[in-house]
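# how does the following fold in three dimensions:
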Amino acid sequence: MAIDKDRNGRTICSISTPPGLGGIGIVRMSGPDAIRIAGRLFTDSGGESPERMPHYTIRYGKVRDPETGAVIDEALLTVMRAPRTYTREDVVEINCHSGPVVLRRILRTLVSLGARLAEPGEFTKRAFLNGRIDLSQAEAVMALISARNEEALQACAVQLEGELGKRIGAVRSRIVRLLSEAEASIDFPEEELDLVTPARLLEETTSVMEEVEALIDASTQGRVLRDGVSTAIVGTANVGKSSLLNLLLMEERAIVTPIPGTTRDVVDGMVNVEGIPLRIIDTAGIRDSEDPIELEGIRRSRASLRAADLVLLVLDLSREIGEADLEIARMIASEGKKAIVVLNKVDLMDENESKHHKMLVGVLQSKYEIKTSCKENSGIEDLKSSICDLFGGENIGIGTAAVVISARNEAALNAVRTALGRAVTSLGAALSEEFVSVEFREALRELGQITGETTTEEVLDQIFRNFCIGK
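Model prediction:
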């Protein structure tokens, strides 16, 4: 991994608090000249220089323009000395009054004294490059900042402690041992060494692959916590999909009229249902139409259904179920989606209710059927309870398991599983250990992508580019 030592060796500075007015603003520096630069603009009330301040100490004083001596602000200066810091470099934080003018003035002064502006996520990137954290922990930092609920926060905290890195390390050690056994068989075929048999090698490889699959299952939980449960509201025209969206979001996000085909495009929003983040998508009613704009909306509805983690199939209890309703149910069943049937307009229900139940049995086979009236705001709490039953508790629980937060890690684990699967196939076909060794090496390379051991500078830049500046 090629690293630009000149760029990464200089002292960096950044505003680390959000923009806007507030009680306290923080300007942070990290690097070999951080304490020296601080001494050029900070005057301690007791006359002590920052360069003489012990590790982890705070002093009150004035921040001054080094050219004119004019006071910029009163501040608290914190000195943290390497290597016991976030970046493992000397770190200085200036706690001043928050406001865009004062913060930018201090930042410009630091740059004039030799620091350079930090890039997004560069403080955390330095923590990774200096060996304080691995790449999975670095990614957990950003995920923790953007956590949408307590469960996501807990998952990020677990990963920030390095639990994922430990599990990846254990898998890596097992694959390294398998690789050494396979390569010993290649290098010393005639020697009477105490080598593992091909059958045992197959058994061990299968066992490692199962452990990787367990991590992939955890990554599915992580994806739900990170991105939310993608929830598509589908159904034919004018069954109450937009009304349901508005009730779940508790705002008038979608236009509601008695005219079929009002929704021409997907409309979405985020809502937290008892700790479970839902990204809800209201789709255009699926029906026969000759309107090209409506047809495009219907096409997007079908795409949203295929991409969703959860589908809410809305049916109208005031009318008979039709072939279009059944066709949507068959589509949901064919995609293997988790689904809840929302029997809407219960306030207008007639004898058609029994027909709804009879025709849906054997098509969708969802155990969740909720009667609602969007007009009277009834049944919504029952619907939320069903969603919690599907995605709450053990289905999304974190416990002590490491949760893979990023999509990048999930893709790497899938690649590891694929490589190990090819190794299992080769061993089962009694192919040469050379074929197996190639797959073991590929699996190790992909594992290194997660912890950062085999990650390129380009990939690192892409990862940290998504961080906020100052972290």
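
# contacts and neighbour counts: CA atoms only from here.
OK.

# how about the strand or helix carrying Glu181: buried residues?
Taking DSSP states H and E as the criterion, the element that holds Glu181 is helix 163-187. Burial within helix 163-187, assessed by neighbour count using 16 or more other CA atoms under 10 Å, is assigned to 163-165, 167-168, 171-172, 175-176, 178-179, 181-185.

# which one of those residues is nearest to Glu67?
Gly165 (48.3 Å; CA to CA).

# my read: that closest one touches Gly452, true?
No - taking CA atoms under 8 Å as the definition, Gly165 is not a contact partner of Gly452, at 10.1 Å.

# between those two, what contacts are shared?
Shared contacts of Gly165 and Gly452 (CA atoms under 8 Å, 6 or more residues apart in numbering): 134, 136.

# just the CA atoms of the strand or helix carrying Arg108, as CSV, please.
Arg108 belongs to helix 100-112 when assigned by DSSP H and E. In CSV, the C-alpha atoms belonging to helix 100-112 read as follows (Å, rounded to 0.1, in the frame of the first residue of the first chain):
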residue,chain,number,x,y,z
PRO,A,100,-18.2,30.9,11.9
VAL,A,101,-16.1,34.1,12.1
VAL,A,102,-14.1,33.2,15.2
LEU,A,103,-13.5,29.6,14.2
ARG,A,104,-12.4,30.5,10.6
ARG,A,105,-10.1,33.2,12.0
ILE,A,106,-8.4,30.7,14.2
LEU,A,107,-8.2,28.1,11.4
ARG,A,108,-6.6,30.7,9.0
THR,A,109,-4.1,31.6,11.7
LEU,A,110,-3.1,27.9,12.1
VAL,A,111,-2.6,27.6,8.4
SER,A,112,-0.5,30.7,8.3
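
# next SSE after the helix or strand bottoming out on mean pLDDT in the chain?
Ranking every helix and strand in the chain by mean pLDDT, DSSP states H and E puts helix 352-360 at the bottom, with a mean of 56. Downstream of helix 352-360, the first helix or strand assigned by DSSP H and E is strand 369-371.

# can you list the residues that contact the next helix or strand after that next one?
Once the chain leaves strand 369-371, the next helix or strand it forms, by DSSP H and E, is helix 380-391. Residues outside helix 380-391 that contact it (CA under 8 Å, 6+ apart): 247-248, 273-274, 276, 338, 340, 342, 368, 370, 372.

# how many other residues sit next to Ala70?
11 (other CA atoms under 10 Å).

# would you confirm that it contacts Arg64?
Yes - look at Ala70 against Arg64 with CA under 8 Å: they come within range, at 5.4 Å.

# so who does the closest residue to Ala423 other than its chain neighbours touch?
Closest residue to Ala423 apart from its sequence neighbours, by CA to CA, 6 or more residues apart in numbering: Val436 at 5.0 Å. Val436 makes contact with 182, 422-423, 426-427 under the criterion CA under 8 Å, 6+ apart.

# distance of Val436 from Arg177?
13 Å (CA to CA, to the nearest Å).

# list the contacts of Ile72.
Counting by CA under 8 Å, 6+ apart, the residues that Ile72 touches are 62-65, 102, 105-106.

# pLDDT below threshold where in this structure?
Confidence mapping of the chain against pLDDT under 70 gives the ranges 1-8, 148-149, 151, 185-196, 220-226, 251-268, 283-301, 350-367, 392-405.

# and the strands in it?
Per DSSP state E, the chain carries strands over the ranges 12-15, 22-30, 42-44, 57-64, 71-80, 91-98, 116-117, 229-234, 267-273, 276-282, 310-316, 338-344, 369-371.

# how about the ones you listed in JSON lines, adding distance to Cys388?
Formatted as JSON lines, those follow (distance: least, CA to CA, whole Å):
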{"stretch": "strand 12-15", "distance to Cys388": "40"}
{"stretch": "strand 22-30", "distance to Cys388": "38"}
{"stretch": "strand 42-44", "distance to Cys388": "54"}
{"stretch": "strand 57-64", "distance to Cys388": "47"}
{"stretch": "strand 71-80", "distance to Cys388": "45"}
{"stretch": "strand 91-98", "distance to Cys388": "41"}
{"stretch": "strand 116-117", "distance to Cys388": "45"}
{"stretch": "strand 229-234", "distance to Cys388": "11"}
{"stretch": "strand 267-273", "distance to Cys388": "7"}
{"stretch": "strand 276-282", "distance to Cys388": "7"}
{"stretch": "strand 310-316", "distance to Cys388": "12"}
{"stretch": "strand 338-344", "distance to Cys388": "12"}
{"stretch": "strand 369-371", "distance to Cys388": "13"}
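
# so for Phe467, which of those strands sits nearest?
Taking CA to CA, strand 12-15 is the member of these nearest to Phe467, at 13.0 Å.

# now that closest one, how far from the centre of its chain.
The chain centroid and the centroid of strand 12-15 are separated by 26 Å, computed with CA atoms, centre = their mean, to the nearest Å.

# just stretch 67-79 next, same as before
The answer for stretch 67-79 is 39 Å, by CA atoms, centre = their mean.
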